[in-house]
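Participant: 3D, please:
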Amino acid sequence: MSWWNLDLQDADAVKRLIKLERPDLVIHPAAQPYVPAAWDDPWATFEMNVRPQQYLFDALLASRLTPRIMIASSVEVYGPPSDTGDLPFRETRPTMPVNPYGVSKVAQEAMALQYRRSHGLDVVVARPFNHIGPRQTMSSAANQFAQQIAEIEAGLREPVLRVGNMTAQRDFSDVRDVARAYLGLIRLGEPGEIYNICSGQPRSVQALLDILLSKSH
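Facilitator: Numbers count the residues shown, from 1 in each chain. The predicted structure is shown next:
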């Protein structure tokens, strides 16, 4: 196994990578994934999420390769539900993003399906919902809660938690389960199709905090 450290916004670097490695499988989750950062700089998020995918696809075509490709989109393409009858979200639901990050993901999906139609790329699209677990940055609510609890236990801060909207409900999955779902799509997904990746069980942010608190001392 070899590792490359490169900028996916560098078209020549991506071409060199594809030419040398000649992959049979490509899983493409690289992105700027955080909604607040997308609001701060919408165009940078759009470029970081859309441009590398085009470079990847063009490099594969230039090398005359036809690997199985999985593109990681996001639940953010759906936007909020209009009412409880709008749930659960199905893959057939129209995309109605309400933030720049969601818009960038809609663009990624549209490009992937266009390259499927125009060039015959063997691509499937995953729409993962919220996932939590090892190696996430501190931008996620779960990690922020966990850090605060750990610091309180260590006596590094006062015993007061800073929280946001605790009634909001999300579909949380462990990131390792999401990774297994990605592998499942690589093996079994139909080319040109879109798949939700989720638990199907909504949980409030309060419930998430309660689980963390139950593990504390």
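Participant: pLDDT at the residue of the chain most remote from its centre, what is it?
Facilitator: What lies farthest from the middle of the chain is G155; by C-alpha atoms, centre = their mean that is 34.8 Å. Looking at G155, its pLDDT reads 90.
Participant: quick one: it is in a helix?
Facilitator: No - counting by DSSP: H, G, I helix; E, B strand; the rest coil, one finds G155 to be coil, located in no helix.
Participant: got the contact list for it?
Facilitator: By C-beta atoms under 8 Å, 6 or more residues apart in numbering, no residues touch G155. Backbone N, C-alpha and C define where each C-beta goes, glycine included.
Participant: Surely M111 touches Q54?
Facilitator: Yes - between M111 and Q54 a contact is recorded at 6.5 Å, counting by C-beta atoms under 8 Å.
Participant: For Y182, which three-state class applies?
Facilitator: Y182 ends up helix, using three-state DSSP.
Participant: swap in I71?
Facilitator: Three-state call for I71 (three-state DSSP): strand.
Participant: what ranges do the strands span in the protein?
Facilitator: 25-28, 68-72, 122-128, 130-132, 169-174, 194-197, 202-204 (DSSP state E).
Participant: okay, these in JSON lines with mean neighbour count next?
Facilitator: Formatted as JSON lines, the strands of the chain follow (neighbours: other C-beta atoms under 10 Å):
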{"stretch": "strand 25-28", "mean neighbour count": "17"}
{"stretch": "strand 68-72", "mean neighbour count": "23"}
{"stretch": "strand 122-128", "mean neighbour count": "22"}
{"stretch": "strand 130-132", "mean neighbour count": "19"}
{"stretch": "strand 169-174", "mean neighbour count": "18"}
{"stretch": "strand 194-197", "mean neighbour count": "20"}
{"stretch": "strand 202-204", "mean neighbour count": "15"}
